[in-house]
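> Pasting a predicted model and its sequence here:
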Number of protein chains: 2
Amino acid sequence: MLSEEYATPALVVDLEALERNLGAMAAATARRGVALRPHTKTHKCIEIARRQIALGAVGLSVATVGEAEVFADAGVDDLFIAYPVWADRARRGRLAALAERVRLLVGVDSVAGAQAMGRTVAGADAVVEALVEVDSGHHRSGCAPSDAAAVAGAAEGAGLAVRGAFTFPGHAYAPRAAPGAAADEGRSLTEAAAALGAAGFDPSVRSGGSTPTALVPGAGATELRPGVYAFNDAQQVALGTCRTSDVALAAVATVVSAPAPGRLVLDSGSKILGADRPDWLAGHGLLPDLPGAVVTGLSEHHAVVQLASGGRSPPAIGQRVTVVPNHVCNAVNLADELFVVRGGRVVDCWGVAARGRLT
Amino acid sequence: MLSEEYATPALVVDLEALERNLGAMAAATARRGVALRPHTKTHKCIEIARRQIALGAVGLSVATVGEAEVFADAGVDDLFIAYPVWADRARRGRLAALAERVRLLVGVDSVAGAQAMGRTVAGADAVVEALVEVDSGHHRSGCAPSDAAAVAGAAEGAGLAVRGAFTFPGHAYAPRAAPGAAADEGRSLTEAAAALGAAGFDPSVRSGGSTPTALVPGAGATELRPGVYAFNDAQQVALGTCRTSDVALAAVATVVSAPAPGRLVLDSGSKILGADRPDWLAGHGLLPDLPGAVVTGLSEHHAVVQLASGGRSPPAIGQRVTVVPNHVCNAVNLADELFVVRGGRVVDCWGVAARGRLT
């Protein structure tokens, strides 16, 4: 991954690891009989979206209208904006245009949000389908499962076609939390679907999410929306979701300074790695080439590395080192392109097509 | 700042506050008789760089060769890459091309780095000037001040023109730390200049940095390189460097969910605010419109806000709210454009010209 065909810092994809990850998730969800709708906020790349569809994904998940537009332009015809989108004036026309050319699902978690979204389809020919977002324990967005029918009622009243419920069990992002979060997810989706069905709404889609919970055996979801699994990252390694050898994307950095014994400075700062650091992670990135070393400090263009005492001799100034980002979704969103490597050689360069499509 | 002329989340510049900030720093450095070389990594905008030059800046600071290229293309003719740039093969031609069209200064903090940089100018007509980076207590890059002459010797031996020393007192980024860090900065620059002068090198430039220390009375620096002061941010407010009314950039977000009493969700996640959160900051952004409220959680597209109990009635779903990023440099690097507001109206839209120029 250390080719001189690109300047550092750069994000580099290990194509073989990526393809293993994509194949393993497709196979695992198929074995369990649940649909896979990968979240593209992680990779934002058309080349990876196409591989996911080719491996059997029923469609894609996105976070924003702008991301949906990028993947619709690339020919993907089934998109779920897994977010309580506020359909203001500017977005309504864009949503209606999307709904005319793809199967479009959106998230709703409030009566007000559903009513605003309904104005998107008022007078338009297109159908916008809706999944009610429920809170399964992450306490971010999402109504209580018992309130799902009230939100669904507002959605149908506003002209949306309700298809079920979705949740994001983000409280899986803590040590040993995934089994409990997966159980919460299943229970919340089951409860929401029961509430929807009892009130006469279609409860058929029960969409869950998250890379840490996707492979936890469980029941309740008919569809899963993991995103990070394509690349993995230091968070997933720390959570035990994957091994370091399953990481398919890393920053390649150059040692730019060795100012004191045991300390190196790399050119991979927070403008390429992202600044994410949950309390339960020791450093600002994982250093597979430097066992025991820790990224103790991160500035915009500097990663300060404390080497393990007694380790092998450190890389010299000018040498290259790989750093696995803590949170790959935010790292990818900082890059315009990803260098793609197979067998140690750069074989492609993918544009991060949906980078910065925040609205 | 809440115009519907742009979709949210968006970064919005308060032009009057920006111009006040630019003017105040220009005046304060002029009063002290130190040169101002603003760091452009904060704003990455040609329109702001031109204002800084017009207000008397002697040149600009940048972090990367790519940033230097952007501002050279915009007509700035005096650029300091305040970084221990590793001049690998790909960068050497770019550095030489820059040195042919602008006055180019680079940072060096090691013999190896100086020698590699020297290969940039070997055989070329251009002069590359160098400042030796010294560590004034931040313990990132930079040699010990007492080692400055050894690095300078390698630099001159490799064909660079040594002009003095620089440092970044980044240990000012902690509560009540600025006075001590400013004193460290002055002492280190003075010591480095003495070492350079004693060894026969030109010690005339003593360049210091940082918004928290720039206005601390002190001596030692002949030049200052603050960057954040143009916009300020939640970190600067918490450090006491500025007031909330001095903040010139904020994210404008929409309330997308109000899932539980006292909790709101905004569409300004870490993909617009950045994920920076030092231990000494309470939340993931400052909410000037919502006194006492805290951004308790940040996902890529969600900011979870806990409202103050007993506060006035919260904004409804669909309403807009401003959020001041913790670290404005990383926030700006996430946006392709900044909406510029004067007197409550959008008067311009500036491209973030150097966004993502990491190499």
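All right, it came through fine.
> ok now do residue A:219, which residues does it touch?
Neighbour list for residue A:219: A:186, A:190 [criterion: CB atoms under 8 Å, 6 or more residues apart in numbering or on different chains]. Every residue, glycine included, has its C-beta placed from N, CA and C.
> switch the cut-off to 6 Å
Residue A:219 makes contact with residue A:186, according to CB atoms under 6 Å, 6 or more residues apart in numbering or on different chains.
> got it, and residue A:161?
Applying CB under 6 Å, 6+ apart, we find residue A:161 in contact with A:127, A:129.
> any weak-confidence spans in chain A?
For chain A, the stretches with pLDDT under 70 are A:1-4.
> who in it is up against chain B?
Within reach of chain B by CB under 6 Å from any CB of the partner chain, chain A has these residues: A:7, A:9, A:63, A:84, A:86, A:90, A:109-110, A:112-113, A:140-143, A:254, A:256-257, A:259, A:265, A:270-272, A:274-276, A:300-302, A:304, A:317-318, A:329-330, A:333, A:336, A:356, A:358-359.
> Show the buried residues in these.
Neighbour-count burial (16 or more other CB atoms under 10 Å in any protein chain shown) applied to the residues of chain A next to chain B gives A:7, A:9, A:63, A:84, A:86, A:109-110, A:112-113, A:140-143, A:254, A:256-257, A:259, A:265, A:270-272, A:274-276, A:300-302, A:304, A:317-318, A:329-330, A:333, A:356, A:358-359.
> Which of those residues fall in strands?
Those of these mapping onto strands are A:254, A:256-257, A:259, A:265, A:304, per DSSP state E.
> quick one, strands of the stretch 101-250 of chain A?
Here the stretch 101-250 of chain A has its strands, by DSSP state E, counting those that start in this stretch, at A:103-108, A:128-133, A:161-166, A:205-208, A:223-224, A:249-260.
> Touching, residue A:96 and residue A:122? I think so.
No - applying CB atoms under 6 Å as the test, residue A:96 and residue A:122 come out as separate, 9.3 Å apart.
> Comparing these two, which residue is more hemmed in?
Taking other CB atoms under 10 Å in any protein chain shown, residue A:96 and residue A:122 do not tie; residue A:96 has more neighbours (20 against 10).
> Measure how far the strand or helix carrying that one is from the centre of its chain, please.
Using DSSP states H and E, residue A:96 sits within helix A:89-101. In this view, helix A:89-101 has its centroid 24 Å away from the chain centroid, taken as CA atoms, centre = their mean, to the nearest Å.
> Give me the contact list for it.
A:65, A:68, A:72, A:104, A:120, A:124, A:126, A:128, B:7.
> again with stretch A:301-318
By CB under 6 Å, 6+ apart, the residues outside stretch A:301-318 that reach it are A:255, A:258, A:262, A:264-266, A:268-269, A:292-297, A:321, B:63, B:86, B:110, B:112-113, B:140.
> Would you mind measuring the gap between the ends of that stretch?
The first and last residues of stretch A:301-318 sit 15 Å apart, counting by CA to CA, to the nearest Å.
> got it, and stretch A:293-306?
Span of stretch A:293-306 from end to end, CA to CA: 6 Å.
> swap in stretch A:119-139?
Terminal residues of stretch A:119-139 are spaced 28 Å apart (CA to CA).
> Just the buried positions in it, please.
Applying a neighbour-count criterion of 16+ other CB under 10 Å, the buried positions in stretch A:119-139 are A:119-121, A:124, A:128-138.
> Please apply the same query to stretch A:218-229.
Residues A:218, A:220-229 are the ones in stretch A:218-229 that count as buried (16+ other CB under 10 Å).
> Distance to residue A:192 for the residues you listed - can I get that in CSV?
Shown next, in CSV, are the buried residues of stretch A:218-229 (distance: CB to CB, whole Å):
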residue, distance to residue A:192
A:218, 15
A:220, 10
A:221, 11
A:222, 12
A:223, 14
A:224, 16
A:225, 16
A:226, 20
A:227, 22
A:228, 24
A:229, 24
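> State the number of residues packed around the closest residue to residue A:16 other than its chain neighbours.
On the basis of CB to CB, 6 or more residues apart in numbering or on different chains, the spatially nearest residue to residue A:16 that is not a chain neighbour turns out to be residue A:342, at 6.1 Å. If you count neighbours by other CB under 10 Å, residue A:342 ends up with 14.
> who does residue A:342 bridge with?
Here residue A:342 sits in beta bridges with residue A:345, going by DSSP bridges.
> re earlier: closest to residue A:152 out of the contacts of helix A:89-101?
Nearest to residue A:152 among these, counting by CB to CB, is residue A:128 at 13.8 Å.
> Could you chop chain A up by domain?
For chain A, the structural domains run A:16-230, A:241-348, going by automatic domain parsing.
> angle of whichever strand or helix holds residue A:27 against strand A:249-260?
In the assignment (DSSP H and E), residue A:27 maps to helix A:15-32. With axes from the mean of the first three to the mean of the last three CA atoms, to 10 degrees defining the directions, helix A:15-32 sits at 130 degrees from strand A:249-260.
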